[in-house]
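Peer 1: Next comes the sequence, and after it the predicted model I'd like to discuss.
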Amino acid sequence: MNVLPLPLGPLGTNCYLVWDEPGGNALLVDCAGTPRQILAPAQERGLSLAVIVLTHGHMDHTERLAELVQRTAAEVAIHELDAPLLRDPMLNGAALFGYPHADATPDRLLREGDAIALAGAAITLTVLHTPGHTPGSICLLGEGALFSGDTLFAGSIGRTDLPGGDETEMAASLQRLTELPEATTVYPGHGPTTTLREEKRHNPWLTREVRG
C-alpha cells in the first residue's frame, strides 16, 4: 500500500492518497484544498480517484468536496452519524469559519467494522468508529496503518469542545486505539506522521488512557 500525505487548506489538513500500483485506482482519505492539488499528484502517478473516505464531516476535511466529485465521479463515504454535517454549514463549521460549504451527498454510509475495498487493488481498510471529536468520527485501519482523522495526532488529540464533541467518548476511543499493535503507523488529520508506539509512550492523552 502506497500512501502520499497531502497537507492542504488553511488549517493544513492532511489528505492521503492511497493506492496499490501505478496506473490503477486510488482512494483519498479526507478532502481539503483545491481539486487540482489532489488530482495533479494522482495524475502524475497515472491514478484514477475512485473513492473518497471522510474521517468526519468538519469543513476542513470536506472543503471543495462537491467540486472534486464533479471532476472525478468518485464515491463518497462517511459514517452515518456524520452524514448530516455534509448538508449543514452550521454543523460542519463552514458558516462559522468562512469555508466553502461541501454540499455533497454521500454514496455510502459507514458503520463500525465496514470494509472499504479499492477495486483492482489489494487494499482493504476497516472502519473503526471512534467518536469524541464528532459523533461519527472514524479511523481507518489496514496493512499496519491507521488513518486517525482528528481523533489522534502526534502528541495530541482532536478537540471535544466543538458541537457534537464528547470527552467521555473520546477517552473510550483513545483507549481502543491503545490496544492496536504498537508498530502501527499513524496518519493523522493534522501534523506529522507518527507511530502508535511513540504515542503510547509520549502522548499525554494516550499515556493517561494506558494507565487507566
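Peer 2: Ah, there it is. Since the model is a prediction, treat every value here as computed from it, not as a measurement.

Peer 1: Can you tell me how far the residue nearest the centre of the chain is from residue 122?
Peer 2: Per Cα atoms, centre = their mean, the C-alpha nearest to the average position across the chain is that of residue 55, at 3.2 Å. Taking Cβ to Cβ, to the nearest Å as the measure, residue 55 falls 22 Å from residue 122. C-betas here are computed from N, CA, C, even on glycine.

Peer 1: got it, and residue 19?
Peer 2: Distance from residue 19 to residue 122, by Cβ to Cβ: 11 Å.

Peer 1: Those two: which has the busier surroundings?
Peer 2: Taking other Cβ atoms under 10 Å, residue 19 and residue 122 do not tie; residue 19 has more neighbours (25 against 10).

Peer 1: wouldn't the more buried one be in contact with residue 47 here?
Peer 2: Yes. Counting by Cβ atoms under 8 Å, residue 47 is a contact partner of residue 19 at 5.4 Å.

Peer 1: so what sits against both of those two?
Peer 2: Between them, residue 19 and residue 47 share these contacting residues under Cβ atoms under 8 Å, 6 or more residues apart in numbering: 25, 26.

Peer 1: where do the strands sit along the chain?
Peer 2: Assigned by DSSP state E, the chain shows strands spanning 2-8, 13-19, 25-29, 48-53, 75-79, 108-110, 115-117, 124-129, 138-142, 145-149, 152-153, 156-157, 185-188, 194-195.

Peer 1: Output those strands in TSV, with distance to residue 89 and mean pLDDT appended to each entry.
Peer 2: Below are these laid out as TSV (distance: least, Cβ to Cβ, whole Å; pLDDT from 0 to 100):
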stretch	distance to residue 89	mean pLDDT
strand 2-8	20	97
strand 13-19	17	98
strand 25-29	22	97
strand 48-53	19	97
strand 75-79	16	97
strand 108-110	20	98
strand 115-117	27	96
strand 124-129	24	97
strand 138-142	21	98
strand 145-149	20	98
strand 152-153	25	98
strand 156-157	25	97
strand 185-188	25	98
strand 194-195	32	98
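
Peer 1: Redo those strands as CSV? Include distance to residue 35.
Peer 2: Output for the strands of the chain, formatted as CSV (distance: least, Cβ to Cβ, whole Å):
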stretch, distance to residue 35
strand 2-8, 11
strand 13-19, 11
strand 25-29, 11
strand 48-53, 10
strand 75-79, 14
strand 108-110, 21
strand 115-117, 21
strand 124-129, 23
strand 138-142, 22
strand 145-149, 20
strand 152-153, 26
strand 156-157, 29
strand 185-188, 21
strand 194-195, 28
